[in-house]
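K.L.:
Here's a sequence, model it:
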Amino acid sequence: MTTKTMTTQSLCALAVASVLSAPALAADLNGTSVNYGGYIKLDAMWSDFSDGSLGAQNLGRDFYIPSSTPVSATSSEDAVFDMHAKQSRFFFGTKTALDDGSSIDTKIELDFLVTPGGNERVSNSYVPRIRQAYVTYKGWLFGQAWSNFQNVGALPETLDFVGPTEGTVFNRQAMIKYTTGNWSFSMENPESTVTVNKAMVVTDDASMPDFTARYTHTADWGNFVVTALARQLTYKAGAADETESSFGISASGMVKVGSKDNVKFMLTQGSGLGRYVGLNAAHGAVYDGSKLDAIDSTSGFVAYQHFWSDQLRSTFLYSFFDADNNVDLLAYSGDPTKKIHSYSANILYSPVKKLTFGVEYKVANRETESGLDGDLDRIQLSAKYVF
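P.N.:
Model (predicted):
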């Protein structure tokens, strides 16, 4: 993502070029630069579901959500067409130089996806949502940002909002993070998703934050990242007051191929990862009436990006998620997702820098523990301008 940077002087010139109070404003902003950026993106999608349909307000109509793919015992194919610009986003940041040579940096970022309110009847108005909002100082980060358990740099270039959705760690939340050299550590906002009586319950009863650690190795050939997560799953309701430990590890990175091509990958395994993987493709644990049983899972993806020319490129992607459900607890968990996988391929054309047109084809399959499964075939067209 590119940004435009304005110095204090140019910002003042634009805002108060002929106002007598301009020198005072300049003094207030002395030593601070402002940067802004984002993109405008239009998405048009034709989606064919093999076993049912998604309602008009279902988020799975806006972008790929693995757990939302309908499954049924009988085939009932349904195709729908959607178009929206809700993924468009904007960010604003500042950088203030300090006397000791360090700086205080801030960033706030908004988009219009996954928000309540709005409709497609007349004005197509949607509520902005906060994506990131943080301040950094001498290696410390305070605020909401990408989870330290996630490697954003491993995400391949796709038209879909996430891309390898079922196979990637994906989370933004409030945290305190410290980075030193190749290492970073964080305490992050806790939250648990637990299956209770065959339904998902979102709990917020943890007595401690989620903890992560991350190591990044960068070389001429690319980079390799290892992250670890430790957290507490909780369920408190009535007489129930249960906790269970959750641990996970993820390895990801990017390997350069030739002068421009690259391979990106991720492999994640853990117990009770829940909301951290696949947009909550599986819950963190099942409550059997007396205790919590954490759900083990393995997920990952591999993507190859090839540049046909300076203006034309493609990404070929495979992504998967496997849950190791305790079949002895199906009376409590119902018919949970067992496995999900998807394939996608796209071709992106940038006639000029920052402007990209693309088409992407995705095929996905979701299977439940009982053997029910459903497919999604989606063709997506996008136009995107980065500013």
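
K.L.:
For Ala85, grab phi and psi.
P.N.:
phi -120, psi 20 (degrees, to the nearest 10).

K.L.:
Could you pull up the residues touching it?
P.N.:
By Cβ atoms under 8 Å, 6 or more residues apart in numbering, the contact set of Ala85 is Ile40, Lys41, Leu42, Asp43, Phe112. Backbone N, C-alpha and C define where each C-beta goes, glycine included.

K.L.:
could you dump those to TSV with distance to Gly167?
P.N.:
Shown next, in TSV, are the contacts of Ala85 (distance: Cβ to Cβ, whole Å):
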residue	distance to Gly167
Ile40	28
Lys41	23
Leu42	26
Asp43	21
Phe112	26
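
K.L.:
In strands, which of the residues you listed appear?
P.N.:
Among the contacts of Ala85, the ones falling in strands (DSSP state E) are Ile40, Lys41, Leu42, Asp43.

K.L.:
Need the buried ones from these selected in PyMOL.
P.N.:
A single PyMOL command selects the buried members of those (16 or more other Cβ atoms under 10 Å):
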select buried, resi 41+42+43
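
K.L.:
Just the closest of the ones in strands among the contacts of Ala85 to Phe357, please.
P.N.:
Taking Cβ to Cβ as the measure, Phe357 sits nearest to Leu42 out of the ones in strands among the contacts of Ala85, at 9.8 Å.

K.L.:
any idea how far that closest one lies from Tyr126?
P.N.:
Here the criterion is Cβ to Cβ, to the nearest Å. By it, Leu42 lies 14 Å from Tyr126.

K.L.:
Sort the contacts of Ala85 by pLDDT and name the bottom one.
P.N.:
Within the contacts of Ala85, Phe112 has the lowest pLDDT, namely 94.

K.L.:
and it, how many residues sit next to it?
P.N.:
19 (other Cβ atoms under 10 Å).

K.L.:
got a list of what it touches?
P.N.:
Ala85, Lys86, Gln87, Ser88, Arg89, Tyr126, Val127, Pro128, Arg129.

K.L.:
what about it, distance to Leu279?
P.N.:
The spacing between Phe112 and Leu279, counted by Cβ to Cβ, is 18 Å.

K.L.:
next one: Lys198
P.N.:
20 Å.

K.L.:
Of those two, give the one with the bigger neighbour count.
P.N.:
Per other Cβ under 10 Å, whichever of Lys198 and Leu279 has more neighbours is Leu279, with 22 against 13.

K.L.:
what does the model give that one for pLDDT?
P.N.:
For Leu279, the model assigns a pLDDT of 97.
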